[in-house]
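Peer 1: Pasting a predicted model and its sequence here:
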Amino acid sequence: MMISSRCLGVAIRPVVRRAFSSQITRIGTDDPRMSRIVVHSGVVYISGQTDTTAGDDIAAQTKNVLTKVDNLLAEAGTSKSNLLTASIWLKDINSDFKTMNEVWCEWLDPENKPVRATVESPMARPQILVEIQVTAATSEA
């Protein structure tokens, strides 16, 4: 049964669909599984960063990972001052959260904090204690 829009007492307007033409830029595509950086519509997305050179030291691994994050953001033309989101995975949240958080807070721009989630997760390699992924606005946004 069809119901007329006049019977409902509301004006029904046709849906207008707009195709947005925005360019996607992929940087660091040499890994067959992913790009290191993707930039789209004024947002920079970086792949999750880990460190396997610092042994079982969560502070050192976190510092090294955040250095990688800084370098990737710079390569994309932005910085931690433009962070939007951060996702952090810890191998052992009970043992490592406090120390990782201290390093994070030292690194973070206190005037431009992103939203953040931190969870415990098994890691791809046993020596990885932390993985961090962020998104940031481009400098032009």
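Peer 2: Perfect, I can see it now. Numbering: from 1, shown residues only.

Peer 1: Buried ones in the lengthiest helix in the chain, by neighbour count?
Peer 2: For the chain, the helix with the greatest residue count under DSSP state H is helix 58-75. For helix 58-75, a neighbour-count test (16 or more other C-beta atoms under 10 Å) marks 58-66, 68-69, 72-73 as buried. C-beta: built from backbone N, CA, C; applies to glycine.

Peer 1: tell me the angle of whichever helix or strand comes after that helix relative to helix 58-75?
Peer 2: Proceeding N to C from helix 58-75, the next assigned helix or strand is strand 83-90, under DSSP states H and E. Orientation check (axes from the mean of the first three to the mean of the last three C-alpha atoms, to 10 degrees): strand 83-90 against helix 58-75 gives 150 degrees.

Peer 1: What is strand 83-90 packed up against?
Peer 2: helix 93-107, strand 115-120, strand 130-137 (3 or more C-beta pairs under 8 Å, 6 or more residues apart in numbering; DSSP states H and E).

Peer 1: do that again at 6 Å, thanks
Peer 2: Judged by 3 or more C-beta pairs under 6 Å, 6 or more residues apart in numbering; DSSP states H and E, strand 83-90 is in contact with strand 115-120, strand 130-137.

Peer 1: Can you say which of these is nearest to residue 50?
Peer 2: Comparison of the helices and strands packed on strand 83-90 against residue 50 by C-beta to C-beta identifies strand 130-137 as nearest, at 4.9 Å.

Peer 1: contact partners of that closest one?
Peer 2: For strand 130-137, contacts defined as C-beta atoms under 6 Å, 6 or more residues apart in numbering pick out 42-46, 48-50, 61-62, 65, 69, 73, 78, 82-90, 100.

Peer 1: out of these, which are buried?
Peer 2: Those of those that meet the buried threshold are 43-46, 48-50, 61-62, 65, 69, 73, 78, 82-83, 86-90, 100, by 16+ other C-beta under 10 Å.
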